[in-house]
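*Asks:* Got a sequence here, can you build the structure:
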Amino acid sequence: MGNMETVGLTLEQFAAKCHDFIKAEPGPAGRKKVCGLLSQVLADEQFVAKYVDPNKDERHKLYEDPEFGFVILAHNYEGPKVSDPHDHAHSWAIYGQARGETDMNDWSLVSAAGPDKTGKVKHVRTYKLTPGVAHLYNEGDLHSPSRDASTKLIRIEGTDMTKVKRFKFEAV
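*Replies:* Residues are numbered from 1 along each chain as shown. Below is the predicted model:
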């Protein structure tokens, strides 16, 4: 059961709390608190119904922080898909599962990627993201989601990743 403080939060209140955590503790410690808060709002059916369910786009920006540049996104992924291993370049990301299930894979770096070079990675583990589960990926954390059916997520990126060039990785 979600903690009473987070039940009935609006998107604006959620974003303001995320901002405060990141301002107070920039880096992994603050992000961990954001991750915990995200998993609480994902347990709030009204929050999910209001901000996640109506979204029909694969990537819909709900909020962009004017001070720190983090973005809160609602994702609506149709049908099965397997993604390649990736990181978030110089950024971080938090995946929050709202509907459906995601199999997440963690990878370790074997050799670095560059603008003209595909990096090599080794599989470490697979785990399930189920509704209400949020997971933090810090800079350089290599992961790859896959799903058997449609899913909906709230994802928070440290910066708008549509503006960031990313390198490619392949499993060895």
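
*Asks:* quick one, phi psi at A29?
*Replies:* Dihedral pair for A29: phi -60, psi -50, per degrees, to the nearest 10.

*Asks:* What is the neighbour count of it?
*Replies:* The number of residues packed near A29 is 11, by other C-beta atoms under 10 Å. (Glycine included, C-beta is placed from N, CA and C.)

*Asks:* before we move on, what about A24?
*Replies:* 10.

*Asks:* mind checking how far stretch 115-123 is from the chain centre?
*Replies:* Distance of stretch 115-123 from the chain centroid (C-alpha atoms, centre = their mean, to the nearest Å) equals 22 Å.

*Asks:* List the buried residues in it.
*Replies:* 119-121 (16 or more other C-beta atoms under 10 Å).

*Asks:* Just those residues: which are in strands?
*Replies:* 119-121 (DSSP state E).

*Asks:* if we can go back for a sec, make JSON lines from the buried residues of stretch 115-123 and add distance to T130 to it.
*Replies:* Shown next, in JSON lines, are those (distance: C-beta to C-beta, whole Å):
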{"residue": "G119", "distance to T130": "29"}
{"residue": "K120", "distance to T130": "30"}
{"residue": "V121", "distance to T130": "25"}
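
*Asks:* I'd like those residues written out as a markdown table, with pLDDT added.
*Replies:* Below are the buried residues of stretch 115-123 laid out as a markdown table (pLDDT from 0 to 100):
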| residue | pLDDT |
| --- | --- |
| G119 | 96 |
| K120 | 97 |
| V121 | 97 |
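
*Asks:* Relative to S39, which of the residues you listed is nearest.
*Replies:* Comparing these against S39 with C-beta to C-beta places V121 closest, at 26.8 Å.

*Asks:* which residue packs closest to that closest one, ignoring adjacent ones?
*Replies:* Excluding the flanking residues, the one nearest V121 by C-beta to C-beta, 6 or more residues apart in numbering is W107, at 3.9 Å.
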